[in-house]
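Novice: Here is my input, please return the structure:
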Amino acid sequence: MKLKLLYTKKSLTFFLIVIGGSLLYLVLVRRGFLIPLTDIPEVLCLNGCPSPQKIHNPTPENGLLNYNQPLNKLITPTIDQDKTSILIEKSKHKLTLYYNQKPIKSYPVVFGSNPKGDKLREGDNKTPEGILRIKDLYPHPQWSKFIWLDYPNPPSWRNHFQAKMQGKLPWYHSIGGQVGIHGVPPGTNGMIDNRTNWTWGCPSLKNQDVNEIYQVVKIGTLVEILP
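Specialist: The predicted structure follows:
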């Protein structure tokens with residue numbers, strides 16, 4: 001009887017440790033301190049690290065391509081969301097929508113208040129660079145629309161931990177998250193025209209521009225962000 005009671009107590013203790021450890025892990029993942037289990041093989045390059053590559057050919061001009069023309073006049077008869085992708089060039093303050101890998105229309109865009117360099121941690125006010133994907137889209141009460149990007153993705157985690165290993169970041173810093181393409185508070189289009197980098201790291205467009213793009217992209221759409 002005593003052995004059975006002891007076994008029951010040990011089992012209960014083990015169960016509580018597993019549950020507690022799992023909950024702690026989920027909290028740390030959600031707060032950006034630990035890598036999701038599904039991303040660990042890619043972050044650690046267990047199958048080899050892919051070489052960074054550019055997806056889009058940037059337009060040579062610094063100006064905005066077809067900005068004064070409505071998108072539904074540039075792509076006819078019907079826009080296929082599977083064929084759209086986005087290139088953001090931070091140095092040019094330009095977001096370009098591509099269709100079948102061809103540039104169709106460009107929009108003025110601004111970034112985090114500390115725009116130079118790749119995002120490495122929460123609170124650095126930098127905009128991520130590299131290849132990302134749209135993970136969700138939804139209306140936003142302050143900024144019209146929010147096109148949520150999949151930062152941090154495995155390359156982001158790899159850069160984050162390399163920075164910690166090299167002493168560029170303290171180990172207590174979180175990688176951050178909640179980065180997306182969105183609009184501006186009503187009546188503040190001037191921030192875009194004046195290239196005022198005002199966000200915590202998100203690319204920001206005029207509301208009419210983010211509303212137009214919102215209609216032609218979907219979950220999984222590729223977004224490439226260049227320095």
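
Novice: In terms of secondary structure, what does the longest strand along the chain contact?
Specialist: If you go by DSSP state E, the chain has its longest strand at strand 130-140. With contacts defined as 3 or more Cβ pairs under 8 Å, 6 or more residues apart in numbering; DSSP states H and E, strand 130-140 has these neighbours: strand 144-149, helix 154-165, strand 222-226. The way it works is simple: take the backbone N, C-alpha and C, and place the C-beta from them, glycine included.

Novice: I'd like to know which of those lies nearest to P50.
Specialist: helix 154-165 (8.6 Å; Cβ to Cβ).

Novice: could you check the angle strand 130-140 makes with the closest one?
Specialist: Interaxial angle, helix 154-165 versus strand 130-140 (axes from the mean of the first three to the mean of the last three Cα atoms, to 10 degrees): 110 degrees.

Novice: tell me the mean pLDDT over helix 154-165?
Specialist: For helix 154-165, mean pLDDT is 91.

Novice: where do the strands sit along this protein?
Specialist: Remark: strands assigned in the chain by DSSP E are 84-89, 94-99, 102-108, 130-140, 144-149, 180-182, 222-226.

Novice: Quick one: those strands as a markdown table, columns for mean pLDDT too.
Specialist: Below are the strands of the chain laid out as a markdown table (pLDDT from 0 to 100):
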| stretch | mean pLDDT |
| --- | --- |
| strand 84-89 | 98 |
| strand 94-99 | 97 |
| strand 102-108 | 97 |
| strand 130-140 | 97 |
| strand 144-149 | 98 |
| strand 180-182 | 98 |
| strand 222-226 | 98 |
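
Novice: Can I get these in a markdown table including distance to T196 and mean neighbour count?
Specialist: A markdown table is the format used below for these (distance: least, Cβ to Cβ, whole Å; neighbours: other Cβ atoms under 10 Å):
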| stretch | distance to T196 | mean neighbour count |
| --- | --- | --- |
| strand 84-89 | 17 | 22 |
| strand 94-99 | 15 | 22 |
| strand 102-108 | 11 | 19 |
| strand 130-140 | 19 | 15 |
| strand 144-149 | 17 | 22 |
| strand 180-182 | 15 | 25 |
| strand 222-226 | 19 | 20 |
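
Novice: P36: which of these is closest?
Specialist: strand 130-140 (12.8 Å).

Novice: got a markdown table for the helices and strands packed on strand 130-140, with distance to P128 too?
Specialist: Shown next, in a markdown table, are the helices and strands packed on strand 130-140 (distance: least, Cβ to Cβ, whole Å):
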| stretch | distance to P128 |
| --- | --- |
| strand 144-149 | 7 |
| helix 154-165 | 6 |
| strand 222-226 | 6 |
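
Novice: how about these, which one is nearest N62?
Specialist: It's strand 222-226; of the helices and strands packed on strand 130-140, that one is closest to N62 (Cβ to Cβ) at 13.6 Å.

Novice: quick one: strands adjacent to the closest one?
Specialist: Strand pairing for strand 222-226, using DSSP bridges, gives strand 84-89 (parallel), strand 130-140 (antiparallel).

Novice: what does it rub up against?
Specialist: Outside of strand 222-226, the residues within contact range by Cβ atoms under 8 Å, 6 or more residues apart in numbering are 54-56, 58, 85-91, 127-134, 149, 181, 203.

Novice: Equivalent analysis for stretch 173-180, please.
Specialist: Residues contacting stretch 173-180 (Cβ under 8 Å, 6+ apart): 31-33, 119-124, 127-128, 146-149, 151-152, 156-157, 160, 164, 201-202.
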